[in-house]
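Visitor: Mind looking at a prediction? Sequence and model below.
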Amino acid sequence: MIRTGSVVVILAISIGLALIMLISLFAVNDRIDSVRGSVGTTITVSPAGIRGFQGGGELLTQADSDKISSLDHVTAVEQSFQKMLTTDTDTSLKSGIDPGSFGKQNNSSGNGSSGAGNRDVPPAGGMPGGASGGQQMTMPVMATGVAQNASLQSLGVDKLDITSGDGLAAATEDNVALVGSTLASKNNLQPGSTFTLFNTQIKVIGIFDSGNQFSNGSLLMPINSLRKLATSEGQINSLVVTADSSANVQIATDEIKDAMGSKVDVTSQLDSTKQALSSLEGVKSIARYSLAGSLVSASAILFLIMLMIVRERRQEIGVLKAIGASNIKIMKQFITESLTFTLLGALVGVVLGVVFSNPVLNMLVSSSSSQSSQAAQGPFAGGPPPGARGPGGPGSVVSASQSALENLNAVINYQLLLYGLVATILIAVIGSSIPAWSISKIRPAEAMRGE
């Protein structure tokens, strides 16, 4: 009983590990298919050398937009323009974002987020909002100009709900704005309210909620209206280019780079998708090798156990052969015994697999998940891609790797259990048939010689 129990426990651990790795493989394969299927067709084009409101370089123009629009695999180009508003001089709005220690650190001593030549550059030794020394500083307000309401979905927005009022009408040049919920709450704004921007009355037509504190503290306006008010006619901070298919995103990216040269930085969802797939493929490799190792271990363990059992029962085999038992019948007896061990181990192993599959899978992806969370792009996703304009860069693409490893759950289904049953049977047959066959060929007289 002790040996039987030990064999069952050892097999249960091996089979449980194999089941966990098999479940992980299925989960990762499903997520890989999902990531590949979710590759978008958008490409972000930003002025080279500019990141956020730092760096240097030249903004894009209408001619640049037209040049990219004429490329073979490009079906649409959406422009965006971004302006950082100083709350005391550019607008009557109060920032909805608390600067905190990070904001104070990055906006002190004249090193604000604004680049040279912008209206919102703080004076030397000063801070945005006119704060200096021990005075209270305030964060600027981010205004983003877009061509039409539909383009909001191309701004790296993971979620954008218009909670009240209306969205921006296509191609409008009215002095209207869609305001983030945090900014609206801070300034007591609602649809129909007004505020001033560059000494001009702006009407609030809607309030949006993106689920992101940074984006909820910003506002959206028709691009031509914002550029006119900011005396920046024709300037473009970012272009969101749509390729004709996801299969041609890389081709379109290469075409843009060839056409624009070093003037622009080009990023696409393929970049983050490759990172996501790389992480998933790493998890898949670990699961595959662990699965193979656990199956080999279970087979080797069962083989050694059955070899010991068969050798202990040489005399029994000799008696069976002496009374006419065939080699096949003797093999069936030991295979049945082996199947009993293995199925008992499998029963316990399934329980172990169900209990520990998700913890083990989460452990495998934890490091990759932490790296993926830093790859989020776009103003509504928490971080800018290289070369993106603005803190998050409007028009930037939400990173595919941001969610590739999130909510990756192991799920047991009938197909998995079927594969597990087949593997269990193979382990039992392989682990017992070889020693049983080798001992069944012995002559009865030789087997009973020890009696």
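Guide: Sure, I can see it.
Visitor: Quick one: the helices in this protein, in order.
Guide: 2-37, 62-69, 100-106, 181-186, 213-216, 223-229, 249-260, 269-312, 314-322, 327-373, 414-440, 444-447 (DSSP state H).
Visitor: pLDDT of the last one, averaged?
Guide: Per-residue pLDDT values across helix 444-447 average out to 67.
Visitor: Ok, the longest one next?
Guide: The average of the pLDDT scores along helix 327-373 is 78.
Visitor: and the angle from it to helix 269-312?
Guide: Using axes from the mean of the first three to the mean of the last three Cα atoms, to 10 degrees, the inter-axis angle of helix 327-373 relative to helix 269-312 is 150 degrees.
Visitor: and helix 327-373, what other elements does it pack with?
Guide: Helix 327-373 sits against helix 2-37, helix 269-312, helix 314-322, helix 414-440, with contacts defined as 3 or more Cβ pairs under 8 Å, 6 or more residues apart in numbering; DSSP states H and E. From N, CA and C alone the C-beta is placed, and that goes for glycine too.
Visitor: Any idea which of the helices of the chain gets closest to residue 206?
Guide: Nearest to residue 206 among the helices of the chain is helix 181-186 (9.5 Å), distances taken as Cβ to Cβ.
Visitor: List the buried residues for stretch 424-431?
Guide: By 16 or more other Cβ atoms under 10 Å, the buried positions in stretch 424-431 come out as 424, 427-431.
Visitor: which one of the helices and strands packed on helix 327-373 lies closest to residue 73?
Guide: helix 269-312 (13.4 Å).
Visitor: what's the offset of the closest one from the middle of its chain?
Guide: A distance of 25 Å separates the centroid of the chain from that of helix 269-312, by Cα atoms, centre = their mean, to the nearest Å.
Visitor: cool, and stretch 71-81?
Guide: The answer for stretch 71-81 is 25 Å, by Cα atoms, centre = their mean.
Visitor: And for stretch 72-90?
Guide: 26 Å.
Visitor: Just the buried positions in it, please.
Guide: In stretch 72-90, counting by 16+ other Cβ under 10 Å, buried: 73-74, 77-87, 90.
Visitor: Turn those residues into a markdown table, including pLDDT and distance to residue 359.
Guide: Below are those laid out as a markdown table (pLDDT from 0 to 100; distance: Cβ to Cβ, whole Å):
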| residue | pLDDT | distance to residue 359 |
| --- | --- | --- |
| 73 | 90 | 45 |
| 74 | 92 | 46 |
| 77 | 88 | 47 |
| 78 | 87 | 44 |
| 79 | 87 | 48 |
| 80 | 87 | 43 |
| 81 | 89 | 48 |
| 82 | 88 | 44 |
| 83 | 89 | 48 |
| 84 | 88 | 45 |
| 85 | 89 | 48 |
| 86 | 86 | 50 |
| 87 | 78 | 48 |
| 90 | 90 | 52 |
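Visitor: of those, closest to residue 320?
Guide: Once Cβ to Cβ is applied, the member of those that ends up nearest residue 320 is residue 73, at 74.8 Å.
Visitor: What distance do you get for that closest one to residue 261?
Guide: Distance, residue 73 to residue 261, using Cβ to Cβ, to the nearest Å: 18 Å.
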